[in-house]
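Undergrad: This is a predicted model, with the sequence first.
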Amino acid sequence: MAKKLFLCFLISAVSAMGADLNYDVVLAEIFQPICAECHSQPGASADLDLTQYASLIASKVVVPFKPEESLLIEKVTSGEMPLIGDPLNADQIALLKAWILAGAPDAPPPAELTLKSVTPASGPANGGTEVLLSGSELSEAKAVYFGESECTDLTVLDPTQLKCVTPAQGEAGSVDVRVVTDSGEALLASGFEYRPVLGPSYRSLYVNIFRVRCLGCHNNENPSHGLSLESYETLMGHRRAVIPFNLKKSRLYKKTREGEMPKNGPPLSSAEVSAIGAWILAGAPNN
Ligand code: HEC
Ligand code: HEC
(Lines give C-alpha, C1' and ligand atoms only; values in the text may rest on other atoms or scores of the structure.)
(Ligands and ions follow the chains in the order given, each with its own letter.)
Protein backbone atom coordinates (compact mmCIF):
# COMPACT_ATOMS: atom_id res chain seq x y z
CA MET A 1 0.00 0.00 0.00
CA ALA A 2 2.69 2.42 1.05
CA LYS A 3 4.70 1.40 -1.98
CA LYS A 4 1.77 2.04 -4.30
CA LEU A 5 1.24 5.54 -2.93
CA PHE A 6 4.90 6.24 -3.25
CA LEU A 7 4.90 5.20 -6.92
CA CYS A 8 1.86 7.33 -7.66
CA PHE A 9 3.62 10.29 -6.17
CA LEU A 10 6.73 9.70 -8.20
CA ILE A 11 4.84 9.27 -11.43
CA SER A 12 2.94 12.50 -10.94
CA ALA A 13 6.15 14.29 -10.01
CA VAL A 14 7.77 13.04 -13.21
CA SER A 15 4.89 13.99 -15.45
CA ALA A 16 4.50 17.37 -13.75
CA MET A 17 8.15 18.15 -14.47
CA GLY A 18 7.81 16.60 -17.91
CA ALA A 19 10.74 16.84 -20.26
CA ASP A 20 12.14 19.76 -18.25
CA LEU A 21 13.44 17.49 -15.50
CA ASN A 22 17.08 17.13 -16.44
CA TYR A 23 20.51 17.41 -14.84
CA ASP A 24 20.44 21.22 -14.87
CA VAL A 25 17.39 21.16 -12.57
CA VAL A 26 18.88 18.89 -9.88
CA LEU A 27 22.21 20.69 -10.20
CA ALA A 28 20.57 24.06 -9.55
CA GLU A 29 18.17 22.83 -6.84
CA ILE A 30 20.39 20.44 -4.87
CA PHE A 31 23.92 19.58 -5.99
CA GLN A 32 25.19 23.12 -6.41
CA PRO A 33 23.72 24.76 -3.29
CA ILE A 34 23.97 21.79 -0.88
CA CYS A 35 26.64 19.33 -2.04
CA ALA A 36 29.15 21.22 -4.19
CA GLU A 37 31.04 22.54 -1.21
CA CYS A 38 32.47 19.03 -0.71
CA HIS A 39 31.62 17.24 -3.99
CA SER A 40 33.32 19.33 -6.66
CA GLN A 41 36.82 19.45 -8.06
CA PRO A 42 39.48 19.93 -6.95
CA GLY A 43 39.58 17.61 -3.95
CA ALA A 44 36.04 16.25 -4.17
CA SER A 45 35.03 14.18 -1.12
CA ALA A 46 35.03 10.47 -1.91
CA ASP A 47 36.34 11.51 -5.33
CA LEU A 48 32.72 12.27 -6.22
CA ASP A 49 32.12 15.41 -8.35
CA LEU A 50 28.38 16.10 -8.47
CA THR A 51 28.78 19.31 -10.48
CA GLN A 52 29.77 17.60 -13.75
CA TYR A 53 27.22 15.33 -15.43
CA ALA A 54 29.85 13.05 -16.97
CA SER A 55 31.73 12.44 -13.74
CA LEU A 56 28.51 11.94 -11.75
CA ILE A 57 27.37 9.23 -14.17
CA ALA A 58 30.87 7.68 -14.24
CA SER A 59 30.89 7.44 -10.42
CA LYS A 60 27.94 4.99 -10.60
CA VAL A 61 26.26 6.49 -7.52
CA VAL A 62 23.27 6.99 -9.81
CA VAL A 63 21.68 4.05 -11.65
CA PRO A 64 19.43 5.55 -14.36
CA PHE A 65 15.75 4.51 -14.09
CA LYS A 66 16.46 2.82 -10.72
CA PRO A 67 16.33 5.17 -7.75
CA GLU A 68 16.08 2.22 -5.34
CA GLU A 69 19.46 0.91 -6.56
CA SER A 70 21.19 4.28 -6.53
CA LEU A 71 23.72 4.87 -3.76
CA LEU A 72 23.03 8.60 -3.96
CA ILE A 73 19.39 8.05 -2.93
CA GLU A 74 20.43 5.70 -0.17
CA LYS A 75 22.82 8.31 1.25
CA VAL A 76 20.30 11.15 1.24
CA THR A 77 17.32 9.12 2.52
CA SER A 78 19.40 7.69 5.36
CA GLY A 79 20.46 11.22 6.24
CA GLU A 80 24.16 10.38 5.87
CA MET A 81 24.44 13.04 3.20
CA PRO A 82 24.90 15.92 3.27
CA LEU A 83 27.64 15.15 5.75
CA ILE A 84 26.96 18.38 7.61
CA GLY A 85 23.89 20.61 7.61
CA ASP A 86 20.19 19.75 7.47
CA PRO A 87 19.15 16.51 5.79
CA LEU A 88 17.30 16.88 2.49
CA ASN A 89 13.54 17.38 2.86
CA ALA A 90 10.92 15.11 1.25
CA ASP A 91 10.50 17.34 -1.83
CA GLN A 92 14.21 17.44 -2.51
CA ILE A 93 14.50 13.66 -2.21
CA ALA A 94 11.43 13.19 -4.43
CA LEU A 95 13.00 15.44 -7.05
CA LEU A 96 16.20 13.39 -7.10
CA LYS A 97 14.23 10.15 -7.33
CA ALA A 98 12.03 11.47 -10.13
CA TRP A 99 15.08 12.58 -12.07
CA ILE A 100 16.72 9.16 -11.74
CA LEU A 101 13.44 7.39 -12.56
CA ALA A 102 13.28 9.47 -15.77
CA GLY A 103 16.69 8.03 -16.70
CA ALA A 104 18.86 10.74 -15.09
CA PRO A 105 18.90 12.74 -18.33
CA ASP A 106 21.53 15.37 -19.04
CA ALA A 107 20.44 18.90 -19.92
CA PRO A 108 19.66 19.30 -23.62
CA PRO A 109 22.46 21.01 -25.56
CA PRO A 110 21.91 24.74 -25.83
CA ALA A 111 19.78 25.52 -28.87
CA GLU A 112 21.82 26.87 -31.72
CA LEU A 113 21.44 29.99 -33.78
CA THR A 114 20.94 28.93 -37.40
CA LEU A 115 19.83 30.55 -40.63
CA LYS A 116 18.32 28.12 -43.13
CA SER A 117 16.59 30.08 -45.84
CA VAL A 118 15.84 33.50 -47.32
CA THR A 119 12.61 33.97 -49.29
CA PRO A 120 12.49 35.26 -51.97
CA ALA A 121 16.07 34.26 -52.73
CA SER A 122 16.68 37.05 -55.22
CA GLY A 123 15.79 40.69 -55.78
CA PRO A 124 16.97 43.81 -57.60
CA ALA A 125 20.36 45.33 -56.78
CA ASN A 126 18.75 48.61 -55.74
CA GLY A 127 17.33 46.79 -52.71
CA GLY A 128 13.86 47.17 -51.25
CA THR A 129 12.88 43.50 -51.39
CA GLU A 130 10.98 42.36 -48.31
CA VAL A 131 12.45 39.00 -47.30
CA LEU A 132 11.56 36.31 -44.79
CA LEU A 133 14.49 34.62 -43.03
CA SER A 134 13.93 31.21 -41.44
CA GLY A 135 16.11 29.33 -38.97
CA SER A 136 16.29 28.71 -35.22
CA GLU A 137 16.91 30.80 -32.09
CA LEU A 138 16.49 33.99 -34.09
CA SER A 139 14.67 35.99 -31.36
CA GLU A 140 17.80 37.81 -30.20
CA ALA A 141 18.78 38.95 -33.69
CA LYS A 142 20.33 42.42 -33.49
CA ALA A 143 21.18 42.86 -37.17
CA VAL A 144 21.05 41.07 -40.50
CA TYR A 145 23.69 41.68 -43.18
CA PHE A 146 23.39 41.10 -46.91
CA GLY A 147 27.03 41.08 -47.94
CA GLU A 148 28.48 44.06 -46.06
CA SER A 149 25.25 46.06 -45.91
CA GLU A 150 22.69 45.95 -43.16
CA CYS A 151 19.12 44.88 -43.85
CA THR A 152 16.58 47.53 -42.73
CA ASP A 153 13.23 47.32 -40.90
CA LEU A 154 14.25 44.17 -39.05
CA THR A 155 11.29 42.49 -37.31
CA VAL A 156 11.40 39.32 -35.21
CA LEU A 157 8.21 37.36 -35.98
CA ASP A 158 9.04 34.37 -33.76
CA PRO A 159 12.17 32.37 -32.82
CA THR A 160 12.19 30.79 -36.26
CA GLN A 161 11.39 33.77 -38.49
CA LEU A 162 12.62 37.27 -39.15
CA LYS A 163 11.56 39.84 -41.69
CA CYS A 164 13.60 42.68 -43.16
CA VAL A 165 14.04 44.78 -46.29
CA THR A 166 17.16 44.20 -48.43
CA PRO A 167 19.71 47.01 -48.62
CA ALA A 168 20.96 48.25 -52.00
CA GLN A 169 24.09 46.61 -53.37
CA GLY A 170 26.70 48.16 -55.66
CA GLU A 171 26.82 45.15 -57.94
CA ALA A 172 24.62 42.30 -59.04
CA GLY A 173 25.57 38.81 -57.89
CA SER A 174 25.06 36.60 -54.88
CA VAL A 175 25.95 37.60 -51.31
CA ASP A 176 26.23 35.83 -47.97
CA VAL A 177 23.44 36.54 -45.50
CA ARG A 178 24.38 36.84 -41.80
CA VAL A 179 22.24 37.10 -38.68
CA VAL A 180 24.07 38.68 -35.74
CA THR A 181 23.16 38.40 -32.04
CA ASP A 182 25.07 39.54 -28.94
CA SER A 183 26.51 36.07 -28.52
CA GLY A 184 27.22 34.96 -32.06
CA GLU A 185 26.17 34.85 -35.67
CA ALA A 186 24.74 32.47 -38.26
CA LEU A 187 25.64 32.60 -41.92
CA LEU A 188 23.91 31.39 -45.06
CA ALA A 189 26.54 31.34 -47.81
CA SER A 190 25.31 32.85 -51.09
CA GLY A 191 21.92 33.19 -49.43
CA PHE A 192 20.61 35.92 -51.69
CA GLU A 193 21.14 36.88 -55.31
CA TYR A 194 21.04 40.50 -56.40
CA ARG A 195 19.71 40.87 -59.92
CA PRO A 196 20.80 43.77 -62.12
CA VAL A 197 18.41 46.69 -61.74
CA LEU A 198 15.63 46.74 -64.33
CA GLY A 199 16.73 48.84 -67.31
CA PRO A 200 16.84 48.96 -71.09
CA SER A 201 19.63 46.43 -71.63
CA TYR A 202 19.24 42.92 -72.97
CA ARG A 203 20.88 41.41 -69.88
CA SER A 204 18.56 43.26 -67.53
CA LEU A 205 15.44 42.30 -69.53
CA TYR A 206 16.62 38.71 -69.57
CA VAL A 207 17.23 38.33 -65.82
CA ASN A 208 14.31 40.45 -64.67
CA ILE A 209 11.63 39.48 -67.17
CA PHE A 210 12.31 36.70 -69.69
CA ARG A 211 13.98 34.32 -67.28
CA VAL A 212 11.38 34.64 -64.55
CA ARG A 213 8.19 35.16 -66.55
CA CYS A 214 8.55 33.67 -70.02
CA LEU A 215 10.92 30.69 -70.21
CA GLY A 216 8.23 28.27 -69.03
CA CYS A 217 6.76 28.49 -72.55
CA HIS A 218 9.38 30.20 -74.69
CA ASN A 219 12.29 27.83 -74.21
CA ASN A 220 14.61 26.12 -76.67
CA GLU A 221 13.01 22.73 -76.13
CA ASN A 222 9.48 23.65 -77.05
CA PRO A 223 9.25 27.31 -78.06
CA SER A 224 5.67 28.61 -78.08
CA HIS A 225 5.01 30.01 -81.56
CA GLY A 226 8.59 29.31 -82.53
CA LEU A 227 9.87 31.96 -80.12
CA SER A 228 12.60 31.02 -77.65
CA LEU A 229 13.64 33.67 -75.15
CA GLU A 230 16.60 31.72 -73.84
CA SER A 231 19.22 33.82 -75.62
CA TYR A 232 19.74 37.04 -77.53
CA GLU A 233 20.31 35.02 -80.71
CA THR A 234 17.07 33.07 -80.49
CA LEU A 235 15.08 36.22 -79.69
CA MET A 236 16.55 38.20 -82.59
CA GLY A 237 16.38 35.15 -84.86
CA HIS A 238 12.59 35.17 -84.58
CA ARG A 239 11.05 37.00 -87.50
CA ARG A 240 8.56 39.24 -85.81
CA ALA A 241 9.43 39.45 -82.14
CA VAL A 242 11.86 42.37 -82.31
CA ILE A 243 12.30 44.84 -85.16
CA PRO A 244 15.07 47.23 -83.94
CA PHE A 245 14.02 50.91 -83.62
CA ASN A 246 10.42 49.96 -84.45
CA LEU A 247 8.03 49.64 -81.53
CA LYS A 248 4.94 49.24 -83.66
CA LYS A 249 6.21 46.22 -85.50
CA SER A 250 7.90 44.56 -82.54
CA ARG A 251 5.56 41.93 -81.15
CA LEU A 252 7.63 41.64 -78.01
CA TYR A 253 6.56 45.18 -77.14
CA LYS A 254 3.00 44.98 -78.46
CA LYS A 255 2.13 41.69 -76.75
CA THR A 256 3.55 42.71 -73.39
CA ARG A 257 2.08 46.23 -73.48
CA GLU A 258 -1.36 44.90 -74.27
CA GLY A 259 -1.07 42.34 -71.48
CA GLU A 260 -1.42 39.38 -73.87
CA MET A 261 1.96 38.15 -72.69
CA PRO A 262 2.90 36.53 -70.40
CA LYS A 263 0.03 34.23 -71.27
CA ASN A 264 -1.99 33.05 -68.27
CA GLY A 265 -0.10 35.29 -65.89
CA PRO A 266 -0.34 38.78 -64.43
CA PRO A 267 0.72 41.44 -66.95
CA LEU A 268 4.16 43.04 -66.79
CA SER A 269 4.42 46.28 -64.82
CA SER A 270 4.54 49.52 -66.78
CA ALA A 271 8.20 49.93 -65.76
CA GLU A 272 8.95 46.54 -67.32
CA VAL A 273 7.09 47.34 -70.53
CA SER A 274 8.87 50.73 -70.73
CA ALA A 275 12.26 49.04 -70.34
CA ILE A 276 11.44 46.69 -73.24
CA GLY A 277 10.32 49.67 -75.34
CA ALA A 278 13.40 51.75 -74.55
CA TRP A 279 15.69 48.87 -75.44
CA ILE A 280 14.01 48.32 -78.84
CA LEU A 281 14.15 52.08 -79.56
CA ALA A 282 17.88 52.00 -78.80
CA GLY A 283 18.26 49.42 -81.60
CA ALA A 284 17.89 46.26 -79.45
CA PRO A 285 21.63 45.91 -78.77
CA ASN A 286 23.17 42.81 -77.22
CA ASN A 287 24.22 44.62 -74.04
C1 HEC B 1 30.58 18.66 4.24
C2 HEC B 1 30.98 17.87 3.12
C3 HEC B 1 29.93 17.07 2.36
C4 HEC B 1 28.73 17.51 1.92
C5 HEC B 1 28.10 18.90 2.03
C6 HEC B 1 28.14 16.40 1.17
N7 HEC B 1 28.96 15.30 1.22
FE8 HEC B 1 28.67 13.49 0.34
N9 HEC B 1 30.38 12.81 1.11
C10 HEC B 1 31.26 13.53 1.87
C11 HEC B 1 32.33 12.69 2.29
C12 HEC B 1 33.54 13.11 3.16
C13 HEC B 1 32.07 11.41 1.75
C14 HEC B 1 32.90 10.14 1.89
C15 HEC B 1 32.74 9.54 3.26
C16 HEC B 1 31.40 8.95 3.48
O17 HEC B 1 30.90 8.19 2.61
O18 HEC B 1 30.86 9.22 4.54
C19 HEC B 1 30.83 11.55 1.01
C20 HEC B 1 30.23 10.50 0.30
C21 HEC B 1 29.11 10.63 -0.50
C22 HEC B 1 28.57 9.56 -1.30
C23 HEC B 1 29.12 8.17 -1.43
C24 HEC B 1 30.16 8.12 -2.53
C25 HEC B 1 30.78 6.76 -2.70
O26 HEC B 1 31.24 6.49 -3.82
O27 HEC B 1 30.81 5.99 -1.73
C28 HEC B 1 27.48 10.08 -1.92
C29 HEC B 1 26.55 9.36 -2.91
C30 HEC B 1 27.34 11.45 -1.48
N31 HEC B 1 28.35 11.76 -0.62
C32 HEC B 1 26.35 12.29 -1.89
C33 HEC B 1 26.19 13.59 -1.42
C34 HEC B 1 25.10 14.42 -1.80
C35 HEC B 1 23.99 14.06 -2.80
C36 HEC B 1 25.26 15.60 -1.13
C37 HEC B 1 24.36 16.81 -1.16
C38 HEC B 1 22.96 16.57 -0.94
C39 HEC B 1 26.45 15.46 -0.32
N40 HEC B 1 26.98 14.23 -0.52
C41 HEC B 1 26.93 16.44 0.51
C42 HEC B 1 31.16 14.86 2.21
C43 HEC B 1 30.07 15.69 1.94
C1 HEC C 1 1.95 30.03 -70.56
C2 HEC C 1 2.78 30.10 -71.77
C3 HEC C 1 3.36 31.42 -72.18
C4 HEC C 1 4.04 32.31 -71.41
C5 HEC C 1 4.38 32.21 -69.91
C6 HEC C 1 4.45 33.37 -72.30
N7 HEC C 1 4.03 33.12 -73.55
FE8 HEC C 1 4.37 34.27 -75.20
N9 HEC C 1 3.26 33.03 -76.32
C10 HEC C 1 2.65 31.87 -75.87
C11 HEC C 1 1.85 31.30 -76.94
C12 HEC C 1 1.03 30.00 -76.85
C13 HEC C 1 2.01 32.15 -78.06
C14 HEC C 1 1.35 32.02 -79.40
C15 HEC C 1 -0.13 32.37 -79.37
C16 HEC C 1 -0.38 33.78 -78.97
O17 HEC C 1 0.18 34.70 -79.54
O18 HEC C 1 -1.20 33.96 -78.04
C19 HEC C 1 2.89 33.23 -77.60
C20 HEC C 1 3.28 34.24 -78.43
C21 HEC C 1 4.18 35.23 -78.05
C22 HEC C 1 4.69 36.24 -78.93
C23 HEC C 1 4.31 36.43 -80.37
C24 HEC C 1 5.16 35.56 -81.28
C25 HEC C 1 4.65 35.64 -82.73
O26 HEC C 1 5.21 34.95 -83.50
O27 HEC C 1 3.71 36.36 -82.98
C28 HEC C 1 5.53 37.01 -78.22
C29 HEC C 1 6.36 38.21 -78.68
C30 HEC C 1 5.54 36.48 -76.87
N31 HEC C 1 4.74 35.39 -76.81
C32 HEC C 1 6.29 37.02 -75.84
C33 HEC C 1 6.22 36.56 -74.54
C34 HEC C 1 6.92 37.18 -73.45
C35 HEC C 1 7.84 38.38 -73.57
C36 HEC C 1 6.61 36.47 -72.35
C37 HEC C 1 7.08 36.73 -70.94
C38 HEC C 1 6.93 38.09 -70.44
C39 HEC C 1 5.73 35.41 -72.76
N40 HEC C 1 5.51 35.48 -74.08
C41 HEC C 1 5.21 34.46 -71.88
C42 HEC C 1 2.75 31.33 -74.63
C43 HEC C 1 3.35 31.94 -73.53
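TA: On my side now, so go ahead. Ligands and ions are numbered 1, 2, ... in the order given.

Undergrad: D24 - how many residues pack around it?
TA: 15 (other CB atoms under 10 Å). For every residue, glycine as well, the C-beta is placed using N, CA and C.

Undergrad: and if you look at the one 5 residues further on?
TA: Using other CB under 10 Å, the number of residues around E29 comes to 15.

Undergrad: what does S190 give?
TA: Count around S190 with other CB under 10 Å applied: 11.

Undergrad: Next up, identify which helix or strand the nearest residue to K163 once chain neighbours are set aside is on.
TA: Leaving aside its sequence neighbours, K163 sits nearest to T155 (CB to CB, 6 or more residues apart in numbering; 4.6 Å). For T155, the enclosing helix or strand under DSSP states H and E is strand 152-158.

Undergrad: Could I get the pLDDT score of the residue nearest to K163?
TA: Looking at T155, its pLDDT stands at 97.

Undergrad: give the contact list for it.
TA: With contact taken as CB atoms under 8 Å, 6 or more residues apart in numbering, T155 is in contact with 162-164.

Undergrad: who's in contact with stretch 209-217?
TA: With CB under 8 Å, 6+ apart, stretch 209-217 has contacts from 198, 218, 223-224, 229-230, 235, 261-263, 265, 268, 272, 275-276.

Undergrad: Give me the subset of the residues you listed that lies in helices.
TA: 235, 272, 275-276 (DSSP state H).

Undergrad: Could you identify which of those has the most neighbours?
TA: I276 (23 neighbours).

Undergrad: Distance check, the residue nearest to K163 against ligand 2.
TA: Taking CB to the nearest ligand atom, to the nearest Å as the measure, T155 and ligand 2 are separated by 33 Å.

Undergrad: I'd guessed E150 sits against G127; true?
TA: No - E150 is beyond contact range of G127, at 11.0 Å (criterion: CB atoms under 8 Å).

Undergrad: overlap in contacts of the two?
TA: In contact with both E150 and G127: P167, using CB under 8 Å, 6+ apart.

Undergrad: For those two, indicate the residue with more neighbours.
TA: Set E150 next to G127 and count neighbours by other CB under 10 Å: G127 wins out with 17 against 14.

Undergrad: How about the more buried one: what's its closest non-neighbour residue?
TA: In space, and not counting its chain neighbours, G127 is closest to A168: 3.7 Å by CB to CB, 6+ apart.

Undergrad: list the helices and strands the strand ranked longest in the chain packs on?
TA: Longest among the strand segments of the chain by residue count, using DSSP state E, is strand 185-195. Packed against strand 185-195 by the contact rule (3 or more CB pairs under 8 Å, 6 or more residues apart in numbering; DSSP states H and E) you find strand 114-119, strand 122-124, strand 173-180.

Undergrad: Alright, that wraps it up for me.
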